[in-house]
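>>> Could you work out the structure for the sequence below:
(one chain, ligands or ions: 2)
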Amino acid sequence: LKGAQARLAELLDEASCAVAFTGAGLSTECGIPDFRSPGGLWTQNKPIPFDVFVSHKAARNEAWRRKFAMEEAFASARPGRGHRALARLHGHGRLKGIITQNIDGLHQASGVPDAALIELHGNGTYATCLDCGARYELDWVKARFDASGGSAPDCPECGGPIKAATISFGQAMPETEMARADELTRKCDLFIVIGSSLVVFPAAGFPLKAKKKGARLVILNREPTDFDELADLVVRTEIGDLLEPFAQDA
Ligand code: NAD
Ligand code: ZN
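Numbers count the residues shown, from 1 in each chain. Ligands and ions are numbered 1, 2, ... in the order given. This next block holds a predicted model:
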């Protein structure tokens, strides 16, 4: 572990533009289950594809039922050691930006400014109308969901479907975020993957793009990924343990 930490510190020192790319593995120590590890809440239910959500009221009811069932874990979660380390590295100018697949809002909670954060898969802490874009808070949705015995509310403005502001399978990626992530990936000379299985595309294309552009690639993940062979450094350990020293002042 010490050797890996030293090597990571060295790579950060040598980089002039370092970028972190984070996945669900960063937040498991915060009590939010990841997607593919055994026991994760997601492994119990097949994800609801976007077109099904839009076209079926029953699917929307089910999506919101699941969302509120998981909300306790999300609402009580606080940033972990990995989040704190990344926020500190950014604060010290050693990390240019963070591209995240996470929707839990924990990078913001750890103090990373919006300008340095790219949420590729949206944010689950609020909802929007898919037709007119109006924003609705989760409490507002929950009050109507509960009062109607588990029926998902429609937009009072336009009647459109209301969905958590996250990107579902089959839903278009957010254009601005994709463009920002693209630019940051082109500019960087060190790309650090943290806690992602790298199987969800197009997000998983960014580490590949970084490597092709000549950046050094680091993969920090408990389990092997398909990109390990391409990486300049692979560390298979607990993210919190590994990044803990980076979260503390020297
Ligand atoms: P994933 O579940 O596919 O992969 C997570 C990886 O992290 C796994 O390979 C696992 O071995 C590893 N891991 C878990 N805990 C770890 C730890 N403590 N230390 C080291 N490694 C650890 O997640 P993904 O690649 O981010 O893709 C999942 C998709 O689901 C994303 O698109 C995301 O939007 C969504 N999601 C988000 C959250 C969240 O916001 N926290 C949680 C689950 C899923
Ligand atoms: Zn609307």
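>>> which parts of this structure sit against ligand 2?
With CB under 5 Å from the ion as the criterion, the chain meets ligand 2 at residues Cys129, Asp131, Cys132, Ala134, Cys155, Glu157, Cys158, Gly160. (C-beta placed from N, C-alpha, C; glycine too.)
>>> so which of the residues you listed comes closest to ligand 1?
Proximity of these to ligand 1 (CB to the nearest ligand atom) peaks at Cys129, which lies at 21.0 Å.
>>> give me the number of residues near the closest one?
Residue neighbour count, defined by other CB atoms under 10 Å, stands at 19 for Cys129.
>>> tell me the phi and psi of it?
Phi and psi for Cys129, reported as degrees, to the nearest 10, are phi -80, psi 130.
>>> now swap in Asp34 and tell me
Main-chain torsions, Asp34, degrees, to the nearest 10: phi -90, psi -170.
>>> May I ask which helix or strand encompasses Phe191?
Under the criterion of DSSP states H and E, Phe191 resides in strand 190-194.
>>> Which helix or strand lies directly C-terminal to that strand?
helix 205-212.
>>> Under a three-state scheme, what state does Trp140 occupy?
For Trp140, the reduced secondary structure class is helix; criterion used: DSSP: H, G, I helix; E, B strand; the rest coil.
>>> thinking again about what came up before, in JSON lines, list the residues of the chain next to ligand 2 along with secondary structure and pLDDT.
Below are those laid out as JSON lines (DSSP: H, G, I helix; E, B strand; the rest coil; pLDDT from 0 to 100):
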{"residue": "Cys129", "secondary structure": "strand", "pLDDT": "98"}
{"residue": "Asp131", "secondary structure": "coil", "pLDDT": "97"}
{"residue": "Cys132", "secondary structure": "coil", "pLDDT": "98"}
{"residue": "Ala134", "secondary structure": "coil", "pLDDT": "98"}
{"residue": "Cys155", "secondary structure": "coil", "pLDDT": "98"}
{"residue": "Glu157", "secondary structure": "coil", "pLDDT": "97"}
{"residue": "Cys158", "secondary structure": "coil", "pLDDT": "98"}
{"residue": "Gly160", "secondary structure": "coil", "pLDDT": "98"}
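>>> Of the residues you listed, keep whichever come out buried.
With neighbours counted by 16 or more other CB atoms under 10 Å, the residues of the chain next to ligand 2 contain buried members at Cys129, Cys155, Gly160.
>>> On the strand side of things, show who the nearest residue to the second one once chain neighbours are set aside bridges to.
The spatially closest residue to Cys155, leaving aside those adjacent along the chain, is Cys129, at 3.8 Å (CB to CB, 6 or more residues apart in numbering). Legend: beta-bridge partners of Cys129 under DSSP bridges are Ile162.
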